[in-house]
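Visitor: Coordinates for the following, if possible.
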Amino acid sequence: MNLDYRKVLIFFIVVGGLSLYYFNVVAPKRARDHYSVIPTDQYLGENGPDLNEVQDTFERVQENEVDERLKYRFQQDMRELNTLENQVKSRQRECKAEMGKILGSRDFIDPENVVYEDVVSVYEKAFLAWTETFSRAPAVMALKKLRSILDQDYPIDPIAYRSRLKSYFICWDSKMFNFFETILEVQENNNWSPKQKLGLKNLLLTGIVDALRSNIGMPDSVQLTLTFLGSLRSSGFISDFQASELELLKEEINEFETRFMDQFGVRSQREQNLFLLRDYLARYQTFSEQLLVITEGLKEN
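Guide: All right, here's what the predicted structure looks like:
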């Protein structure tokens with residue numbers, strides 16, 4: 001009897017100790033406090049994140065406090081994301097070089113520049129801009145991978161990952177849209193023929209549709225496209241009736257952006273930030289699909 005009693009006592013002591021350890025150290029809500037997060041500033045900079053310095057947020061955690069399978073999946077996903085982000089940086093350098101060839105000198109925004117005298121040459125430059133400079137497959141793939149990581153139960157900092165997201169906004173440079181704006185000014189000032197104007201309209205709308213189709217989910221492509229379509233409307237290439245859907249979508253996006261900026265960014269509310277960032281990317285997936293449908297309709301009419 002005494003032996004059985006001692007066995008029972010030892011059993012409850014062991015179980016009790018393990019329970020206290022689990023609920024106070026290893027339980028998910030507590031375990032996150034042991035994980036180090038990567039500072040947001042690490043992903044900021046003119047050329048995006050310095051991917052060779054990306055840290056594995058699990059490295060500082062004691063081995064017995066981590067689900068090894070979760071750690072392995074996280075490391076695998078991070079390796080894949082880092083590889084894609086290296087490709088993003090390489091593509092950004094290529095885009096800058098391509099843009100330099102198309103735009104040439106800094107006075108490309110001057111409608112009196114001789115480069116705008118030849119209509120065929122203008123068409124060719126605009127075509128190259130849409131088909132080459134605006135292409136950024138690595139950035140789109142990186143966005144998809146980032147979204148899949150956000151959907152996992154990884155100990156990540158949503159604010160840092162939003163900074164990573166911004167580093168994918170490459171190639172869709174405001175200079176290229178200034179170039180298109182100058183073309184619109186030139187065709188109006190130089191009295192292009194109706195046939196030439198129609199050719200320009202078709203070229204620009206075809207370029208927009210193709211670029212949007214290959215950039216579904218990218219927030220910057222939605223915002224920049226909406227702004228440029230407003231310029232097409234001002235130039236008479238889009239009627240007020242056709243633009244009504246664009247105005248409604250733009251208003252919805254502006255309201256959504258305002259709400260997001262009001263709520264996102266408080267580090268103490270990690271779970272809320274994570275939910276908001278997931279929702280932000282999901283909504284822009286929808287926004288880009290809606291914008292694509294509208295622009296396809298503009299192209300057909």
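Visitor: okay, and the helix or strand of this protein with the least pLDDT?
Guide: Within the chain, judged by mean pLDDT, DSSP states H and E, the helix or strand with the poorest mean is helix 28-31; its value is a mean of 34.
Visitor: what's downstream of that helix, the next helix or strand?
Guide: Remark: after helix 28-31, the chain's next helix or strand is helix 68-103, criterion DSSP states H and E.
Visitor: how far does that following helix sit from the chain's center?
Guide: 12 Å (Cα atoms, centre = their mean, to the nearest Å).
Visitor: Return the distance of the helix or strand just after it from the chain's centre.
Guide: As assigned by DSSP H and E, the chain's next helix or strand after helix 68-103 is helix 119-128. Helix 119-128 sits 28 Å away from the centroid of its parent chain (Cα atoms, centre = their mean).
Visitor: What average pLDDT does the very next helix or strand once past helix 119-128 get?
Guide: The first helix or strand that comes after helix 119-128 along the chain, using DSSP H and E, is helix 137-150. For helix 137-150, the mean per-residue pLDDT is 98.
Visitor: right, and the helix or strand after helix 137-150?
Guide: Assigned by DSSP H and E, the successor of helix 137-150 is helix 158-166.
Visitor: list the buried ones in that following helix?
Guide: Buried residues in helix 158-166, counting neighbours by 16 or more other Cβ atoms under 10 Å, are found at 158-165. Glycine gets a C-beta too; all of them are placed from N, C-alpha and C.
Visitor: Next, the angle from that helix to helix 137-150.
Guide: Calculated by axes from the mean of the first three to the mean of the last three Cα atoms, to 10 degrees, helix 158-166 forms an angle of 160 degrees with helix 137-150.
Visitor: quick check: mean pLDDT across helix 158-166?
Guide: For helix 158-166, the mean per-residue pLDDT is 95.
Visitor: quick check: angle from the helix or strand following it to helix 68-103?
Guide: Moving toward the C-terminus from helix 158-166, the first helix or strand encountered (DSSP H and E) is helix 174-189. For helix 174-189 against helix 68-103, the angle by the same axes, to 10 degrees is 40 degrees.
Visitor: picking that back up, could you dump the buried residues of helix 158-166 into CSV with distance to W130 added?
Guide: Rendered in CSV, the data for the buried residues of helix 158-166 read as follows (distance: Cβ to Cβ, whole Å):
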residue, distance to W130
P158, 33
I159, 34
A160, 33
Y161, 30
R162, 28
S163, 28
R164, 27
L165, 24
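Visitor: Tell me the one among those residues nearest to E181.
Guide: Distance to E181 across these (Cβ to Cβ) is lowest for L165, with 26.9 Å.
Visitor: Tell me if I'm right that that closest one and L146 touch.
Guide: Yes: using Cβ atoms under 8 Å as the test, L165 is close enough to L146 to be in contact (6.4 Å).
Visitor: Following the chain onward from the strand or helix carrying L248, which element is next?
Guide: Assigned by DSSP H and E, L248 falls within helix 240-263. Counting by DSSP H and E, the next helix or strand C-terminal to helix 240-263 is helix 270-300.
Visitor: before we move on, the earlier item: name all residues that sit in contact with L165 and L146 at the same time.
Guide: L281 (Cβ atoms under 8 Å, 6 or more residues apart in numbering).
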